[in-house]
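**Q** dropping the sequence and predicted coords here.
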Amino acid sequence: MKYIFDIDGTLTPSRLRIDQEFETFFLNWMKNKEVILVTGSDKDKTIEQVGEKIWTRAKRVYQSCGNAVYERGMLVRKNDFELTFPLRDLLEEMKSRSTWKERYGNHIEERIGLINFSIIGRDCPQEAREKYFQWDKKEQEREYFCWKIQEEFPELEASVGGEISIDIYPKGQNKAQVLNDIKDNVIFFGDRCEPGGNDFPIVERLEKEKERSADHVFGDLARRKFRIHNVKSYKDTWDILKTY
């Protein structure tokens, strides 16, 4: 059995440090279990959030939606993806046309294998982040921008990530990449499992395997058993883990 965890909103509050009590619990819970982390963030941000002990104790960490893979602290694989001028122009246009007017800087961030885009900017204070998140839940601006990016660039995927941003990467280079390396049964925890969320590709892949299992299209993968926990916060994750 493999346990796969998103990080933002699943193991930690979005972009914040893991709760100290939960960190202690989780480190103990990880013992004798194969734990895999998958996140849109890069290595430094992830260690900042979950701490180096959890990061290195995980069997594997899939950074940048699986486009940079670390095993016991060592980089074992990466995918390259560079921001093009046409895509940058579109993102700048979206930023200028957004009806959300507060700006804090660091709007376009290039990571290994993906581009992270935020209207409000990743340098925003926590209060502004939460305000934008509540506004976007109502306005669904990020969902519209994801659709627009994919319409303009059909070779790309765009998904809503965390509370304030969008992850952009070549088609197929999403979080579902984690499943390419796993043949075992899996239990997945994520907070953006709905269509358009950056955890959804994992859910969609598992559900498609299940649908096709009768035809044995995937061989061993067709018989994989899985469970998906779509959580609202790390507190939900904490409560569920007490049952395992």
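**A** On my side now, so go ahead.
**Q** domain ranges for this structure, per the record?
**A** By the assignment in automatic domain parsing, the chain contains the domains 2-79+175-241, 85-170.
**Q** which of these has the lowest mean pLDDT?
**A** In terms of average pLDDT, domain 2-79+175-241 trails the rest of the domains of the chain, at a mean of 91.
**Q** report the distance from it to the chain centre.
**A** Between the centre of domain 2-79+175-241 and the centre of its chain there are 8 Å (Cα atoms, centre = their mean, to the nearest Å).
**Q** next, count neighbours for the residue lying closest to residue 153 once chain neighbours are set aside.
**A** Closest residue in space to residue 153, ignoring its immediate chain neighbours: residue 87 at 6.3 Å, by Cβ to Cβ, 6 or more residues apart in numbering. Where you see a C-beta, it was placed from the backbone N, CA and C, and this is true even at glycine. Residue 87: 18 surrounding residues under other Cβ atoms under 10 Å.
**Q** contacts only, for residue 87.
**A** The contact partners of residue 87, by Cβ atoms under 8 Å, 6 or more residues apart in numbering, come to 115, 149, 153, 156, 168.
**Q** so which of these sit within helices?
**A** Taking DSSP state H, the ones among the contacts of residue 87 that sit in helices are residue 149.
**Q** rebuild the contacts of residue 87 as a markdown table, extending it with neighbour count.
**A** Shown next, in a markdown table, are the contacts of residue 87 (neighbours: other Cβ atoms under 10 Å):
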| residue | neighbour count |
| --- | --- |
| 115 | 24 |
| 149 | 22 |
| 153 | 17 |
| 156 | 18 |
| 168 | 25 |
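**Q** of all pairs in the contacts of residue 87, which one is the farthest apart?
**A** The largest separation in the contacts of residue 87, counting by Cβ to Cβ, is between 115 and 153 at 10.9 Å.
**Q** need the contacts of residue 87 in a markdown table with distance to residue 95, can you?
**A** Listed next are these as a markdown table, based on distance: Cβ to Cβ, whole Å:
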| residue | distance to residue 95 |
| --- | --- |
| 115 | 13 |
| 149 | 13 |
| 153 | 17 |
| 156 | 18 |
| 168 | 14 |
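**Q** residue boundaries of the helices in this structure?
**A** Under the criterion DSSP H, helices of the chain are mapped to 20-29, 43-50, 52-57, 85-97, 126-139, 141-152, 200-212, 234-241.
**Q** flag every buried residue along the shortest one.
**A** It stands for helix 52-57. 54, 55, 57 (16 or more other Cβ atoms under 10 Å).
**Q** which helices and strands does that helix pack with?
**A** helix 20-29, strand 34-38, helix 43-50 (3 or more Cβ pairs under 8 Å, 6 or more residues apart in numbering; DSSP states H and E).
**Q** of those, which approaches residue 227 most closely?
**A** Distance to residue 227, taken as Cβ to Cβ, is lowest for strand 34-38 among these, at 14.5 Å.
**Q** residues touching the closest one, excluding its own?
**A** Applying Cβ under 8 Å, 6+ apart, the set of residues contacting strand 34-38 is 1-7, 11, 46, 50, 54-55, 57-62, 65-66, 175, 178, 182, 184, 202.
**Q** all set now, cheers.
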